[in-house]
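**Student:** Sequence and predicted structure, then a few things I'm wondering about:
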2 protein chains.
Amino acid sequence: MFSIFIVLLNKEMHHYTKTSLSNLPKIFRLNLINSCTGFKSANLIGSKSQKGISNVAIFSSVTHLGSNPSMLGFIIRPTTVPRNTYDNIKKTGVFTVNHINSSQIKDAHQTSAKYETDISEFDKTNFEEEYIEDFFAPFVKDSKIKLGCKFVNEYHIKENDTILIVASIESLFVAEELIQEDGWLNLDKASTVAINGLDGYAKPSLLDRFKYARPNQETQSFFENGS
Amino acid sequence: MFSIFIVLLNKEMHHYTKTSLSNLPKIFRLNLINSCTGFKSANLIGSKSQKGISNVAIFSSVTHLGSNPSMLGFIIRPTTVPRNTYDNIKKTGVFTVNHINSSQIKDAHQTSAKYETDISEFDKTNFEEEYIEDFFAPFVKDSKIKLGCKFVNEYHIKENDTILIVASIESLFVAEELIQEDGWLNLDKASTVAINGLDGYAKPSLLDRFKYARPNQETQSFFENGS
């Protein structure tokens, strides 16, 4: 019985061990490991240097950290590609987070190119920088959800020399039509995309929302019998 | 000109300031802030206590950390809901990460209910636990992408008393049909879902993949001109 199970498993599922993962060609491993944790958020981080050079770069690691106080985090590898973003945040203390929608994916991907420090990706793409009130960092004009954030702390993840940036949400701009009665934002309606691996862009369609789950109660859709 | 711009902005975009966010009713703020960072990954974390009680719980914060060595992270608030997961990981050193697909969202949501410590969510949902080789933590049988992970480190995020768990990927199981030639996994084909806020489940459809971006070169689709 056990051996039959193993045969079936081998037929359908590929098994990568820690050793086989580390022996994979670099690009294959990059694609595989970047895909295997699921869909990622798709945001443009806007920042500006003290010299006034603006920067916008795609990030797939922006994650909710807490809602009271409102905080988010993201992972950065300061020694490689998005070094401008890190330097700007450390020196000016602020940045913006702007949702990428389905019409912007080509330009959003282009922001991952290694431009020189004195070049603004806003000049190399169709994204327009937008300054709101006295916030120093640029927002992305056409984004339907955008956040003004302040650097709070950083944690060095010594295991692979990355940094978790922790930031507070100082300002949140949301297109009115996305805000539901209970504060939930309809990201499907915003055409916000999600990232698959390093370079795949997908458009999520809402399947359902569920009410708060309780032990020994049937899971209920938010849209059944009112809300 | 400037005043016209402000009027338009006010008409279409709602502006929450830091103060207005902190003054919102708790549930409204929870929904809003949990939605505003974009789509999140949707995974079931499987673990088992030293006493042998299995546990499976939904997490929306699993994030790629690095591919050499293969590492992921996720955020946990040890003093509240998913305490069993944290305790099991700390005591046994291992856990599994299993993609949630579109047919599993109701059961996946139900795992967020606060069951007693001696109750396994596997007994309260349609999920079946699966033990592969000698890995101590349970995998979720029907998941098409599942990872066996080992605890590596934890970072206490003091700003809101959460913990970033850092783990290594020891084992990766992927349904053969999802693996592309270059290692990229087609999560659309896997019907992997993404999470919108606290309780919304969405099914992403692939829009495009792009080739590695370079300065001053047109962004190219992966599916154009071969490769």
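**Tutor:** Noted; the coordinates are in hand.

**Student:** care to break chain A down by domain?
**Tutor:** If you go by automatic domain parsing, the domain ranges for chain A are A:1-36, A:39-202.

**Student:** which one of those domains is the most hemmed in?
**Tutor:** Most buried of these, by mean neighbour count (mean count of other CB atoms under 10 Å in any protein chain shown): domain A:39-202, with a mean of 20. Backbone N, C-alpha and C define where each C-beta goes, glycine included.

**Student:** how far does that domain sit from the chain's center?
**Tutor:** 7 Å (CA atoms, centre = their mean, to the nearest Å).

**Student:** and the end-to-end length of that domain?
**Tutor:** 9 Å (CA to CA, to the nearest Å).

**Student:** does any bit of stretch A:30-50 sit next to chain B?
**Tutor:** Yes - with CB under 8 Å from any CB of the partner chain as the measure, stretch A:30-50 is seen reaching chain B through A:30-43.

**Student:** so which strand or helix has residue A:33?
**Tutor:** Using DSSP states H and E, residue A:33 falls within helix A:26-35.

**Student:** Of the residues of stretch A:30-50 next to chain B, which pair is most distant in space?
**Tutor:** A:32 and A:43 (23.3 Å; CB to CB).

**Student:** quick check, whatever helix or strand residue A:89 lives in touching chain B?
**Tutor:** Using DSSP H and E, residue A:89 sits in helix A:83-92. No - applying CB under 8 Å from any CB, one finds helix A:83-92 separated from chain B by no less than 13.0 Å.

**Student:** State the mean pLDDT of that helix.
**Tutor:** Averaged across helix A:83-92, the pLDDT comes to 93.

**Student:** before we move on, what about stretch A:158-170?
**Tutor:** On average, stretch A:158-170 scores 96.

**Student:** near chain B at all, that stretch?
**Tutor:** Yes - using CB under 8 Å from any CB, stretch A:158-170 reaches chain B at A:158, A:159, A:160, A:162, A:164, A:166, A:168, A:169, A:170.

**Student:** Just give me the closest of these to chain B.
**Tutor:** Nearest to chain B, judged by CB to the nearest CB, of the residues of stretch A:158-170 next to chain B is residue A:160 at 4.0 Å.

**Student:** Might you report the residue contacts of the closest one?
**Tutor:** Contact partners of residue A:160, counting by CB atoms under 8 Å, 6 or more residues apart in numbering or on different chains, are B:65, B:66, B:69, B:71.

**Student:** Can I get these in JSON lines including distance to chain A, secondary structure and pLDDT?
**Tutor:** Below are these laid out as JSON lines (distance: CB to the nearest CB, whole Å; DSSP: H, G, I helix; E, B strand; the rest coil; pLDDT from 0 to 100):
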{"residue": "B:65", "distance to chain A": "6", "secondary structure": "strand", "pLDDT": "96"}
{"residue": "B:66", "distance to chain A": "4", "secondary structure": "strand", "pLDDT": "95"}
{"residue": "B:69", "distance to chain A": "7", "secondary structure": "coil", "pLDDT": "94"}
{"residue": "B:71", "distance to chain A": "6", "secondary structure": "strand", "pLDDT": "97"}
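
**Student:** Pick out whichever of the residues of stretch A:158-170 next to chain B sits closest to residue A:129.
**Tutor:** Nearest to residue A:129 among the residues of stretch A:158-170 next to chain B, with distances taken as CB to CB, is residue A:170, at 17.9 Å.

**Student:** would the closest one count as being in a strand?
**Tutor:** Yes - counting by DSSP: H, G, I helix; E, B strand; the rest coil, residue A:170 is located in a strand.

**Student:** show me what contacts it?
**Tutor:** Going by CB under 8 Å, 6+ apart, residue A:170 touches A:94, A:135, A:148, A:149, A:150, B:17, B:18.

**Student:** right, and the third one touches residue A:136 too?
**Tutor:** No - in this structure residue A:148 lies outside contact range of residue A:136 using CB atoms under 8 Å: 9.3 Å.

**Student:** Identify the contacts common to those two.
**Tutor:** residue A:94.

**Student:** one step back: turn the residues of stretch A:158-170 next to chain B into TSV, columns for distance to residue B:204.
**Tutor:** Output for the residues of stretch A:158-170 next to chain B, formatted as TSV (distance: CB to CB, whole Å):
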residue	distance to residue B:204
A:158	33
A:159	29
A:160	27
A:162	25
A:164	25
A:166	27
A:168	29
A:169	25
A:170	30
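
**Student:** Good, wrapping up.
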